[in-house]
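Colleague: compute the structure for the input listed below.
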Amino acid sequence: MSDSNRTVKFDTVNPYYNGSVQKLYSVIDDPNSLVSETSMGGSVFDVGTIFDIKGSDTARAGFRHLVYRSLMDVEEWADMEAYIKSHWGEDYFQKTPIIKETLDKVKNTGLKTHHRGMVGKDGKLYADSFPQELSNQTMIKKYNIYKPEPVTFMSAHLYDYEKFYGNDQFVIPLEQIVRFGVTSGSSILRKYNAQSESGKKAYLRELGVADELVPWETFKTPLVDLTTKYEPEDRNISRQEALLISGIGADLYKESLARAILASFMVHKVFNRMGLNLWDLKWEVAKDGQDLVFVDTLDTDSVRATLVCNVEDHNYIVHFNKQAMRDYYICVHDDWYAAVNKTKKEAAQSGENFTEILKRGQAEGLYPDTPVVDSEFMNIQVDKYAVIEKFVIGEGSKQDIADIARREVEYFLNTKNKALYQKLNAID
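Modeller: As a prediction, this is how the structure comes out:
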């Protein structure tokens, strides 16, 4: 792969897709490609865009360009076996032979992705290098998106995935979440804690974990957790159900899980260079004949990367990802967060989208308005994205990351819900 330096022309008047964190545009002379324009907007709790972080658009697009180039680059895979053994033990591949078999293939081919390069501010395509100034636009290959049909039986709301079988060139309707450990806000921890003792044991067997789930502890080996992708709300599902709704058959399904784990090792290595620890990230994969292609927006918002910061003789986890914004709303605007959870429960009973229930309740004065982010906290988030962007172009400083982390901890320790923040992120 080399820079084509072709000028990319795309239709900005009629977006192909207008989402909460990105827009997609059709490429005028290439019907099989799209240009993704990353926004500065952010979304948490599935409520849509509710804040903007200056500079996050170019930082996220730059990180995406770096990661996808790394996934496709055979040279980046040359030392991956040694990297994995150094972090997960010399016997890792003996315990996971399918990962070793898959890695042996990937060493020779790299991983396939939909990423074709960054579109610079000069309009040219940079396939395997960076433009002089990062932009918020990348070029990707287009894949079909099919959505399951909703089905109602009595009071049950179901989804029919039949259309995925026998089709091709489509995004598989799953989110594959690779977890290196358990965070305090992890969905698997919430599900685990809600189980009976026998239910906990069964859930651990399903996850493939031998020990109980404890916040901020790493797994002996990474695992894959799965959710639906195109239902109104992401739904955690078993590996068995995921196989049935994927539409790709058992062999490709197993291969997709193994490749998701390997791709996650690559991202782990990228964050390790920054001095950050990767806890989990999610992947979306397309079926292209018998090929599996990594797609969607892989950026700092779709991962959990952290740093441990010591303040006043206590250790705190600091998030360099969207979890920091989640913690902000949970700790600083707990009344609004409670309203979000309440309307989600109502939606689960009625089948209506919870955001409509929330908006209606806000208009009627039943729920608080969506909060405006405090400027001091927002400036900390702006600086996080700025330092990540510096790392993307090879100029980052681990000391800058440590300084930003301290500012964030001190901010939360001065909020009304200091105790809740400590419960979520203190690890003493």
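Colleague: rest of the way, CA atoms for contacts and neighbours
Modeller: Noted.
Colleague: distance check, Asp383 against Asp73.
Modeller: Between Asp383 and Asp73 the computed distance is 30 Å (Cα to Cα, to the nearest Å).
Colleague: strands along the stretch 1-150 of the chain, start to end?
Modeller: Listed in chain order, the strands of the stretch 1-150 of the chain (DSSP state E, counting those that start in this stretch) span 17-18, 22-27, 30-38, 41-43, 49-52, 115-119, 125-126, 137-141, 149-153.
Colleague: of all those, which one is nearest Val295?
Modeller: strand 115-119 (7.5 Å; Cα to Cα).
Colleague: for the closest one, packing partners?
Modeller: Judged by 3 or more Cα pairs under 8 Å, 6 or more residues apart in numbering; DSSP states H and E, the packing partners of strand 115-119 are helix 56-72, strand 125-126, strand 137-141.
Colleague: quick check: angle from the last one to strand 115-119?
Modeller: Right, strand 137-141. Relative orientation of strand 137-141 and strand 115-119, computed by axes from the mean of the first three to the mean of the last three Cα atoms, to 10 degrees: 160 degrees.
Colleague: elements contacting the longest helix seen in the chain?
Modeller: Longest helix in the chain, counting residues (DSSP state H): helix 249-274. The contact analysis (3+ Cα pairs under 8 Å, 6+ apart) places helix 249-274 against helix 56-72, helix 80-88, helix 97-109, strand 174-182, strand 217-228, helix 239-246, strand 277-288.
Colleague: got the contact list for whichever helix or strand comes after the fourth one?
Modeller: The one in question is strand 174-182. Per DSSP states H and E, the first helix or strand lying C-terminal to strand 174-182 is helix 187-193. If you take Cα atoms under 8 Å, 6 or more residues apart in numbering as the criterion, helix 187-193 is touched by Val182, Thr183, Lys200, Tyr203, Leu213, Val214, Pro215.
Colleague: can I get helix 187-193 in CSV, CA atoms only?
Modeller: C-alpha atoms of helix 187-193 as CSV (Å, rounded to 0.1, in the frame of the first residue of the first chain):
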residue,chain,number,x,y,z
SER,A,187,-21.5,-3.8,31.8
ILE,A,188,-20.3,-7.4,32.5
LEU,A,189,-19.6,-6.3,36.2
ARG,A,190,-23.1,-4.9,36.5
LYS,A,191,-24.6,-8.1,35.0
TYR,A,192,-22.4,-10.3,37.2
ASN,A,193,-23.4,-8.5,40.5
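Colleague: for that helix, what is the distance to the chain centroid?
Modeller: 18 Å (Cα atoms, centre = their mean, to the nearest Å).
Colleague: buried residues, whichever helix or strand comes after it. List them.
Modeller: For helix 187-193, the following helix or strand on the C-terminal side (DSSP H and E) is helix 197-207. For helix 197-207, a neighbour-count test (16 or more other Cα atoms under 10 Å) marks Lys200, Lys201, Tyr203, Leu204, Leu207 as buried.
Colleague: was I right to think the last one contacts Thr221?
Modeller: Spelled out, that is Leu207. No - Leu207 lies out of contact with Thr221 (Cα atoms under 8 Å); the separation is 11.2 Å.
Colleague: of the contacts of helix 187-193 - the most surrounded one?
Modeller: Compared across these, Thr183 has the highest neighbour count, 22 neighbours, by other Cα atoms under 10 Å.
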